[in-house]
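>>> Quick one: sequence plus predicted model below, questions after.
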Amino acid sequence: MSGNRLLDRRLAAVTGASGFLGDELVARLITRRPVRALYREPSARSAELHGHGCDVVPGDLDNERALAALVAGADEVYHCAATMARTDAALSHRVNVEGTERAARAAAAAGVRRFVYVSSASVYAASRREDNTYPETFEPEHVERLNNYSRTKYEGEQVVRRLAERDGLRFTIIRPTNIYGLRSRPWFRQWEHLLRRLPVALGEVPIDVVYVKDVVMAMEWAAVSEAAGNEVFNIGHEMVKMNRFVGAIGNVIGRSTTTLPPGIDRGVCAAIDRGFTAFTHTRMSPSLVRPAVYPHAKARAAFGYFPQYRLLDGMAEMKRLYHAA
């Protein structure tokens with residue numbers, strides 16, 4: 001990536017700036033270019049970023065005036081706002097589908113150059129391919145079996161595509177795999193709480209994990225790539241066994257973990273996976289028994305995506321930050 005591109009002075013607008021991914025993205029972008037960010041309410045963090053030059057817009061995805069103010073004059077809009085309320089179908093639809101439509105309509109009306117929509121690789125969770133490999137050319141199947149979050153993220157993708165056809169919106173959809181970082185709820189905080197109660201590293205199944213800084217790097221590069229226009233990209237990195245990942249979380253928080261014998265681990269994971277499906281009538285994401293591979297060669301070819309943080313690197317940075325906090 002050229003220095004000129006990284007020093008681009010065009011305006012970037014970000015929704016979901018108070019969230020895990022959005023905050024990391026804003027922190028990256030403000031070192032390179034003007035940034036305007038949407039915050040539901042003022043906070044110490046929004047004040048801090050404002051002090052570093054970020055233009056803070058108060059409001060949420062229900063507020064069309066706030067969205068219009070956010071995207072006015074923007075070159076790229078990064079739509080990171082979402083809810084992971086898996087048990088609340090109405091809230092998931094209102095935020096992840098209706099909110100996405102309002103943000104994308106505002107971007108189209110403002111004539112932005114690119115609308116970057118953050119989806120999720122979990123949109124593939126109910127699909128079944130013999131080789132367990134899910135390239136972007138594969139259209140997710142059995143979407144009705146997805147949990148509320150995954151299903152509404154896919155429905156958000158469909159909204160963006162419809163607006164592209166109707167209003168000429170230029171978009172890029174990215175589907176990150178399992179994003180980890182200190183503020184990640186599913187891939188740090190939930191494990192932190194669990195390991196303090198039950199220090200067991202579960203899961204022999206390989207999962208694709210990617211550090212948050214690699215994801216925001218990919219988002220920035222995709223937004224300025226002509227080859228990424230109106231395309232979908234998987235953004236992942238490494239396949240590691242889940243119990244290895246969980247053990248690394250234990251190391252970050254200073255909690256020694258126990259790994260179950262493989263046979264017992266497989267039995268426990270199979271029971272959890274079956275029980276989850278029977279109780280919720282949806283598929284776990286990721287599965288505890290079935291690996292899934294999400295190739296990111298397309299992103300590499302289109303905009304030079306090469307992840308920089310191996311699991312060892314990402315966890316080392318998290319450990320430094322965790323103990324400095």
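Good, I have the coordinates.
>>> Make sure Ala126 is actually in contact with Tyr154.
No. In this structure, Ala126 sits apart from Tyr154 without contact. The criterion is Cβ atoms under 8 Å, and the distance is 10.0 Å. Bear in mind the C-beta positions are built from the backbone N, C-alpha and C, glycine included.
>>> so what's in contact with the two at the same time?
Residues touching both Ala126 and Tyr154 by Cβ atoms under 8 Å, 6 or more residues apart in numbering: 140, 143, 146.
>>> Just those: which are in strands?
Using DSSP state E, no member of the shared contacts of Ala126 and Tyr154 sits in strands.
>>> just curious, which of the residues you listed is nearest to Ala90?
Checking those against Ala90 by Cβ to Cβ gives Leu146 as the nearest, at 16.1 Å.
>>> and the closest residue to that closest one other than its chain neighbours, how many neighbours does it have?
Once flanking residues are discounted, Leu146 sits nearest to Ala126: 5.2 Å by Cβ to Cβ, 6 or more residues apart in numbering. Under the neighbour criterion other Cβ atoms under 10 Å, Ala126 is assigned a count of 21.
>>> Specify the local secondary structure of Val56.
For Val56, the assignment made with DSSP: H, G, I helix; E, B strand; the rest coil gives strand.
>>> List the beta-bridge partners for it.
Under the criterion DSSP bridges, Val56 forms beta bridges with Ala37.
>>> show me the contacts for it.
For Val56, counting by Cβ under 8 Å, 6+ apart, the contacting residues are 36-37, 39, 42, 46, 49-50.
>>> if you set the cut-off to 10 Å instead, what comes out?
Applying Cβ atoms under 10 Å, 6 or more residues apart in numbering to Val56 gives the contacts 17, 26, 35-39, 42-43, 46-47, 49-50.
>>> Same list (those) but as CSV, adding neighbour count, pLDDT and distance to Arg183.
Formatted as CSV, the entries for these read as follows, by neighbours: other Cβ atoms under 10 Å; pLDDT from 0 to 100; distance: Cβ to Cβ, whole Å:
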residue, neighbour count, pLDDT, distance to Arg183
Ala17, 30, 96, 13
Val26, 27, 97, 13
Val35, 25, 97, 19
Arg36, 21, 98, 21
Ala37, 27, 97, 16
Leu38, 29, 97, 18
Tyr39, 25, 95, 15
Pro42, 11, 87, 19
Ser43, 13, 91, 13
Ser46, 22, 93, 15
Ala47, 12, 94, 18
Leu49, 22, 93, 15
His50, 14, 93, 19
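>>> Show the average pLDDT along stretch 51-64.
Confidence for stretch 51-64, expressed as mean pLDDT, is 95.
>>> where's that stretch relative to the chain centroid, distance-wise?
20 Å (Cα atoms, centre = their mean, to the nearest Å).
>>> Can you give me the buried ones in it?
Of the residues in stretch 51-64, those buried by neighbour count under the rule 16 or more other Cβ atoms under 10 Å are 54, 56-57, 59-61, 63.
>>> Then stretch 140-148?
Going by neighbour count (16+ other Cβ under 10 Å), the buried part of stretch 140-148 is 140, 143, 145-148.
>>> For the stretch 1-150 of the chain, which segments count as strands?
Using DSSP state E, counting those that start in this stretch, the strands of the stretch 1-150 of the chain run over residues 12-15, 35-39, 55-58, 76-79, 114-118.
>>> Just name whatever secondary elements the second one is in contact with.
Packed against strand 35-39 by the contact rule (3 or more Cβ pairs under 10 Å, 6 or more residues apart in numbering; DSSP states H and E) you find strand 12-15, helix 20-29, helix 44-51, strand 55-58, helix 64-71, strand 76-79.
>>> Can you tell me which of those is most buried?
Compared across those, strand 12-15 shows the largest average neighbour count, a mean of 30 (mean count of other Cβ atoms under 10 Å).
>>> tell me the phi and psi of the spatially most central residue of the chain?
The centre of the chain sits closest to Pro176, judged by Cα atoms, centre = their mean, with a distance of 5.1 Å. Summarising the backbone geometry of Pro176 under the convention degrees, to the nearest 10, its torsions are phi -70, psi 150.
>>> Please look at Phe20 and Pro176 and confirm they touch.
No. With contacts defined as Cβ atoms under 10 Å, Phe20 does not count as touching Pro176, sitting 11.3 Å away.
>>> Overlap of the contact sets of the two?
Listed contacts common to Phe20 and Pro176 are Val212; contacts here mean Cβ under 10 Å, 6+ apart.
>>> Look up the pLDDT of the residue nearest to Leu146 for me, please.
The model reports Ala126 with a pLDDT of 94.
>>> Identify the residues contacting Leu61.
For Leu61, the residues meeting the contact criterion (Cβ under 10 Å, 6+ apart) are 15-16, 38, 40, 67, 79, 81-83, 94-96, 98-103, 106.
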